[in-house]
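Visitor: how would this look folded up:
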Amino acid sequence: LGKTYPMSYADNAIEFRSGNPKPVGKPEDIVAAGKKFYEWRSPETREFFDYMLENELMDLLSTKGKQGGGYCTSILDYKAPFIFANFNGTQGDVDVITHEAGHAFAAYLNRNRIPFATIWPGMEACEVHSMSMEFFAEAFSKEFFGEDARKYDYSHLTEALTFLPYGTMVDHFQHIVYENPDMTPAERHAKWKELIGIYQPWMKLDGEIPFYAEGEGWQRQHHIYSMPFYYIDYCLAQTVALEFWELRRKDDQNAWEHYMAYTKQGGSVPFTELLKNAGMKSPFDESCLREVCETAARYLDQYDLTGIE
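Guide: Numbers count the residues shown, from 1 in each chain. All right, here's what the predicted structure looks like:
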């Protein structure tokens, strides 16, 4: 953007002066690009995505009266994953075909596990399926984003990195407010502002957008209300997804073999054992986060942004 830090919330939401990457075509074109990717990726992903399409297991379009958001769940009686979403013409539409389908693919691979509770691992492990699939799908960024493909690959990685301190901030905030249930709304807002100064020092807390400037932004993170202490799982998973991103850059097929070794285990063992069995580092290892972030930082420093405004 050419902006200096600290940045306003409005500017921080935009990666490039010419706007954020946009998918090409209509919803059906995004699904078609997803079909091409999964057909190319492996025989297992081809079978999976064909199954989802043939059995109409994706409700993707936004319609009047429809619940907001997007997620993947399982219809256990039919041993079938199901994807719910609300396409809105942004890069989030592609994320549905990659992120939520990553969840669905894992459920499909493990659909015959007994007991059925072992289909899914813990939530931190589940998010590895989805966040990593996003990076594998970058092989088809051109099909999803056309001329904005380079924009997307750059912003996808930067968003993955900047999410880590944000997700940690959400977890830190939850510990404080749940340990102190008598805090007033004003005290909660003040604490959120304090944590922004620690975890997101590049953000400008002024009166430009009062909702954020007054420290009320935590309220838009529904997990704090609906799924307390879940959010740190995204950070653990993002760290592993960055491992897969790094492996992909060296050898895409080798990275995919590690991913399949991880995913085929379902919920048969705990998170760290899933990783160990697949030859991946645990995000709890002291060097893991530092190494993937340093590698990503070097990559971004050398990224060719020629022609991108």
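Visitor: Point out where the stretch 51-200 of the chain drops to low pLDDT.
Guide: The model of the stretch 51-200 of the chain has no residue with pLDDT under 70.
Visitor: Recalculate using a threshold of 90.
Guide: Residue ranges of the stretch 51-200 of the chain with pLDDT under 90: 68-69.
Visitor: Mind naming the longest helix for the protein?
Guide: Criterion DSSP state H: the longest helix present in the chain is helix 149-179.
Visitor: Who are the packing partners of it?
Guide: Identification of packing neighbours for helix 149-179 by 3 or more CB pairs under 8 Å, 6 or more residues apart in numbering; DSSP states H and E yields helix 123-136, helix 141-145, helix 185-199, helix 223-226, helix 232-250, helix 288-301. C-beta coordinates here come from the backbone N, C-alpha and C atoms, glycine included.
Visitor: which of those is buried the deepest?
Guide: Across the helices and strands packed on helix 149-179, the average number of neighbours (mean count of other CB atoms under 10 Å) peaks for helix 123-136, which reaches a mean of 24.
Visitor: can you list contacts of that helix?
Guide: The contact list for helix 123-136, computed with CB atoms under 8 Å, 6 or more residues apart in numbering, reads 41, 72, 95, 98-103, 105-106, 120, 156, 160, 230, 232-234, 236-238, 240-241, 244-245, 248, 252, 255-256, 259, 262-263, 267, 271, 274.
Visitor: again, but for stretch 192-211
Guide: Contacts to stretch 192-211, defined as CB under 8 Å, 6+ apart, come from residues 5-10, 12, 165-166, 168-169, 172-173, 212-218.
Visitor: chain center to stretch 147-166: distance?
Guide: How far stretch 147-166 lies from its chain's middle: 10 Å, per CA atoms, centre = their mean, to the nearest Å.
Visitor: Could you point out the longest strand of this structure?
Guide: strand 80-87 (DSSP state E).
Visitor: That one: partners in the sheet, and parallel or antiparallel?
Guide: Strands that pair with strand 80-87, judged by DSSP bridges, come out as strand 58-61 (parallel), strand 71-75 (antiparallel).
Visitor: Which residue would you name as the spatial centre of the protein?
Guide: Met131 (4.5 Å; CA atoms, centre = their mean).
Visitor: Now that residue: closest residue in space, sequence neighbours ignored.
Guide: Ala241 (3.7 Å; CB to CB, 6 or more residues apart in numbering).
Visitor: what's the answer for Gln221, then?
Guide: Gln221 sits nearest to Val170 (CB to CB, 6+ apart), 5.7 Å away.
Visitor: Only the buried subset of the contacts of stretch 192-211, as a PyMOL command please.
Guide: Applying 16 or more other CB atoms under 10 Å to the contacts of stretch 192-211, the buried members can be selected in PyMOL as follows:
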select buried, resi 7+8+9+12+165+166+168+169+172+173+212+213+215+217+218
